[in-house]
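Novice: Here is a sequence with its predicted model. Questions after.
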Amino acid sequence: MRALSRRVALLALAALVVPSLAFAAPRLHPTGAVELVHGFWSLVSDVAGPTTHTQSPHPAPQAIPQASAGQAPVPLDDLSKPTAIEAQLRSALRPHDGAMRVTVPNGSARLGDFSIGSNESLSGHLLVVQGTADIYGKLLGNLVTVEGDVVLHPGGVVSGDILTLGGEVRDEGGEIGGEVRTFRSASVLATPVETRPAPPSAIETVFRRLAGAVGVFLTLGALGFGLVMFGRPNLEVVSDTVSHSFGRAFATGLLGQLLLVPTFGMMVVGLILSVVGIVLLPFAVVVYALLVIVAAVGGYLAVAHAMGETYTRRRLALGVMIGSPNSYRYLVVGLGALAALWMAWAVFGWVPVAGDLIRGAAILVTWLLGTTGFGAALLSRAGIRENFAGHLIPPEALTDEYLWATPQFGVTAAKRPGSRTPTRGL
Amino acid sequence: MRGLFLSVLALAGGASAASAQSMRPFSTYRQWHGETSTSARLEFAAGALRLAAGRPAELYRMDVLYDADRYQPLSDFDAARGDVTLGLRTTGNGGLRVVSKGQLRQTASVTFSPRSDLALDVALGAVDGDLELGGLRLTSLELEAGASRATVRFSQPNAARCRDAVLSSGAAELTVLGLGNSRCDRIAFEGGVGRVTLDFGGAWTSSSRVSVKMALGAVALRLPRQVGVRLTLDKFLATFDPQGLVRRGNAYLSPGYDHAARHLDIDITTAVGGVTIDWLK
């Protein structure tokens, strides 16, 4: 660090000293001062001068030979679609066998500067590449320049259109019969190297997919922790609905998916027909979208919770000591199980056939469980109704003694005083 | 740490260079060769548009800076019919890009010759538009504002008689200033949602009929006192304060309407919103 700061200090010192030495070197006598001012002025002119677009030195003037039979000609009859002409020229002006060749039907092509004299007349379209077209006389046709300007001198005539690709038109008093179109920047002669990115290696693919999967499930985990923290009762009801009414939840979720769009349409039409509701339409659309997202994500997290809870209870039943069997653990275990499928795809997805099968299985299982969670969220009204959650006994009666002594199913349970008859209906 | 900083700097620089690369300048114009009338169609999908009278020696001119990945310039003159189509049309390409709004802001400046009669048809998408039509020889105007915020101004009297001006908007904010200078016999506005301000100031040389249809939104009228104003209103859930207009039958009239040299008859149909009136001084 100290060495670095020393280097910076030396550089700063040099920056201060060197220019002063440079300016101090010449003795300032009158002519030297003038030269200095001229030099300074030319420097300023170079930096801030109007010649902002710089063109490469023009090649020696010459005709561009016609292309071979296999190469498509470039018609310049219609210049109304300049980007199309540009694309054609980009293809045609690519050097073949080290030489530029192009065929202009009803016209000619020139490389380098080209001029039409004041008493000259040229019939046909003209293409000028890497050169300035000076028009003193008459051009009976269209004019296209590539990386070059058009200068129309007084008395000069272009009967047709003018198109400049990478140049400009300077009308100094000539006559243009058609339209003038100017692209000051163009890449006709640039030979773009097709930089198609190399396909990633298997290891890169694995790491990329693993990172993606971990990112998604970490996000779901964070959302789930928030849900447990602020809405555990609702999450547990939806989770229990998944556990106790899996088939019904799946069917409801499937139906819900099918009815999503028609319901949305009916809502929009209803609001529009009510006239007053038109004002509410944007809000209703946003709220509807949010509700669907919350139901889908919340339902999926509830499925993960249910899976984790089932697994943990089974482990407990086997006598395994588990530190804190709570909703956070259930969620982590469930999400871990769900993530395992995607992790398997991330690791083995590059394997032909098997990779596709694993991905298909992961998609299918995710959709199935997502649908079930969505259906459970709908059935339980986002965890408000417990009808399908298996909560048949009042919570206050759920003491250990009660659970040990009282049968919860069968004739004896039905005769228990104060028992609640569950209502299985929407 | 330094490597990370340099990488971020390089990425930022690369991103700005990439976005700058897709913005491309294009210019087109045509010399004026004694054309007496022109029919112009101007299509502009997105960006900022400025339209005004230009140099007499040029029939029209358009200078645009456009997003070459998504749009292509329009410049086509039909010499036989005297029609010109200008503007930017979407190519349907581009996809989703994450760049700041200012980096890909398209701009266009369009001018027309004040020597030639002009029938102007303008179709705007999502545009911030400033159309100064004063000083032109406008014979008709058709403007579709789409979802734009546009201001149409007649700062100077129209040099020609205008048959009609038809303005329409989807969900837009449209302000038309100096309609008295427009010299249009008939002015029609049809809007969906938004706000329209119609300023009838200017030098009135003839009477005019105006029709305004607005589904949901605010209609603000600025009326001149030197012209007799007659307003009929068909409203559903809209508010209206006559502001000095006197009701006669099913119409509201300005004081001295019957004796006014020039009349401005306005028919307004609106469902939800409000109609406000301001008197110009």
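Specialist: That came in fine, so what should we check first?
Novice: So which residues of the chain form helices?
Specialist: Reading this off chain A. In chain A, helices defined by DSSP state H lie at A:2-24, A:30-48, A:82-92, A:202-244, A:246-273, A:281-317, A:327-348, A:354-379, A:400-405, A:411-414, listed in chain order.
Novice: my question was about chain B
Specialist: Listed in chain order (using DSSP H), the helices of chain B are B:2-22.
Novice: Now mean pLDDT and mean neighbour count too, for the helices of chain A, in a markdown table please.
Specialist: All C-beta spots, glycine's among them, are computed from the backbone N, C-alpha and C. Conversion of these to a markdown table gives the following (pLDDT from 0 to 100; neighbours: other CB atoms under 10 Å in any protein chain shown):
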| stretch | mean pLDDT | mean neighbour count |
| --- | --- | --- |
| helix A:2-24 | 46 | 9 |
| helix A:30-48 | 48 | 10 |
| helix A:82-92 | 88 | 18 |
| helix A:202-244 | 90 | 17 |
| helix A:246-273 | 91 | 15 |
| helix A:281-317 | 91 | 18 |
| helix A:327-348 | 91 | 19 |
| helix A:354-379 | 92 | 19 |
| helix A:400-405 | 62 | 9 |
| helix A:411-414 | 56 | 10 |
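Novice: Identify whichever of these lies nearest to chain B.
Specialist: Chain B lies closest, by CB to the nearest CB, to one member of the helices of chain A: helix A:82-92, at 5.2 Å.
Novice: near chain A, which residues of the stretch 1-150 of chain B?
Specialist: For the stretch 1-150 of chain B, the contact set with chain A under CB under 8 Å from any CB of the partner chain comprises B:24-31, B:33, B:72-73, B:75-77, B:79.
Novice: just checking, which of those residues belong to strands?
Specialist: B:24-31, B:72-73, B:75-77 (DSSP state E).
Novice: Would you mind saying which of the helices of chain A lies nearest B:S148?
Specialist: Taking CB to CB as the measure, the helices of chain A were each checked against B:S148, and helix A:281-317 came out nearest at 18.8 Å.
Novice: is the closest one anywhere near chain B?
Specialist: No. On the criterion CB under 8 Å from any CB, helix A:281-317 is out of touch with chain B, staying 10.1 Å away.
Novice: Now do that helix: distance to the chain's middle.
Specialist: In terms of CA atoms, centre = their mean, to the nearest Å, the centre of helix A:281-317 is set 28 Å apart from its chain centre.
Novice: Compute the inter-axis angle for it and helix A:354-379.
Specialist: Inter-element angle recorded for helix A:281-317 and helix A:354-379: 110 degrees (by axes from the mean of the first three to the mean of the last three CA atoms, to 10 degrees).
Novice: And helix A:281-317, what does it pack against?
Specialist: In this structure, helix A:281-317 packs against helix A:202-244, helix A:246-273, helix A:327-348, helix A:354-379, with contacts taken as 3 or more CB pairs under 8 Å, 6 or more residues apart in numbering or on different chains; DSSP states H and E.
Novice: export the ones you listed to a markdown table and tack on distance to B:T205?
Specialist: What follows is these, written out as a markdown table (distance: least, CB to CB, whole Å):
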| stretch | distance to B:T205 |
| --- | --- |
| helix A:202-244 | 68 |
| helix A:246-273 | 43 |
| helix A:327-348 | 75 |
| helix A:354-379 | 68 |
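Novice: now these in TSV, with distance to chain B?
Specialist: Putting the helices and strands packed on helix A:281-317 into TSV (distance: least, CB to the nearest CB, whole Å) gives the following:
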stretch	distance to chain B
helix A:202-244	18
helix A:246-273	11
helix A:327-348	25
helix A:354-379	23
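Novice: list the contacts for A:F348?
Specialist: Contact partners of A:F348, counting by CB atoms under 8 Å, 6 or more residues apart in numbering or on different chains, are A:A354, A:G355, A:I358.
Novice: My error: substitute A:V206 in the last question.
Specialist: Residues near A:V206 by CB under 8 Å, 6+ apart: A:A346, A:V347, A:G349, A:W350.
Novice: Grab the nearest non-local neighbour of the third one.
Specialist: Closest residue in space to A:G349, ignoring its immediate chain neighbours: A:G355 at 4.1 Å, by CB to CB, 6 or more residues apart in numbering or on different chains.
Novice: try the first one
Specialist: Using CB to CB, 6+ apart and skipping residues adjacent in sequence, the residue nearest A:A346 is A:R209, 3.7 Å away.
Novice: swap in the second one?
Specialist: Leaving aside its sequence neighbours, A:V347 sits nearest to A:V206 (CB to CB, 6+ apart; 5.9 Å).
Novice: what about the one you found, distance to A:M343?
Specialist: Taken as CB to CB, to the nearest Å, the spacing of A:V206 relative to A:M343 amounts to 10 Å.
Novice: and if you look at B:R41?
Specialist: If you measure B:R41 against A:M343 using CB to CB, the figure is 58 Å.
Novice: In contact with B:H33, which residues?
Specialist: If you count contacts by CB under 8 Å, 6+ apart, B:H33 has them with A:G177, B:L59.
Novice: Would you mind listing where the stretch 1-150 of chain B has pLDDT under the threshold?
Specialist: Under the criterion of pLDDT under 70, the regions of the stretch 1-150 of chain B flagged as low confidence span B:1-21, B:93-103.
Novice: how does it look with 80?
Specialist: Along the stretch 1-150 of chain B, the model assigns pLDDT under 80 to residues B:1-22, B:92-104.
Novice: quick revisit: could I get the helices of chain A as a markdown table with distance to B:T151?
Specialist: Written out in a markdown table, the entries for the helices of chain A read as follows (distance: least, CB to CB, whole Å):
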| stretch | distance to B:T151 |
| --- | --- |
| helix A:2-24 | 52 |
| helix A:30-48 | 35 |
| helix A:82-92 | 31 |
| helix A:202-244 | 46 |
| helix A:246-273 | 30 |
| helix A:281-317 | 25 |
| helix A:327-348 | 54 |
| helix A:354-379 | 49 |
| helix A:400-405 | 76 |
| helix A:411-414 | 77 |
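Novice: Taking the stretch 251-400 of chain A, what residue is nearest to chain B?
Specialist: Closest contact between the stretch 251-400 of chain A and chain B, by CB to the nearest CB, is at A:I278 (6.0 Å).
Novice: Find the nearest non-adjacent residue to B:S37, please.
Specialist: Using CB to CB, 6+ apart and skipping the chain neighbours, the partner closest in space to B:S37 is B:D117 (4.0 Å).
Novice: Touching, the one you found and B:T139? I think so.
Specialist: Yes. Taking contact to mean CB atoms under 8 Å, the distance of 4.9 Å between B:D117 and B:T139 places them in contact.
Novice: Mutual contacts of these two, please.
Specialist: Counting by CB under 8 Å, 6+ apart, the contacts common to B:D117 and B:T139 are B:S37, B:A160.
Novice: If you tally nearby residues, what's the number for B:D78?
Specialist: Residues contacting B:D78 under the criterion other CB atoms under 10 Å in any protein chain shown number 11.
Novice: Which two among the residues of the stretch 1-150 of chain B next to chain A are spaced furthest apart?
Specialist: In the residues of the stretch 1-150 of chain B next to chain A, two members sit farther apart than any others by CB to CB. They are B:R24 and B:H33, at 28.9 Å.
Novice: Can you pull the residues of the stretch 1-150 of chain A lying near chain B?
Specialist: Contacts of the stretch 1-150 of chain A with chain B, taken as CB under 8 Å from any CB, map to A:S80, A:K81, A:P82, A:T83.
Novice: Between these, which sits nearest A:V128?
Specialist: Each of these was checked against A:V128 using CB to CB; the closest is A:P82, at 15.7 Å.
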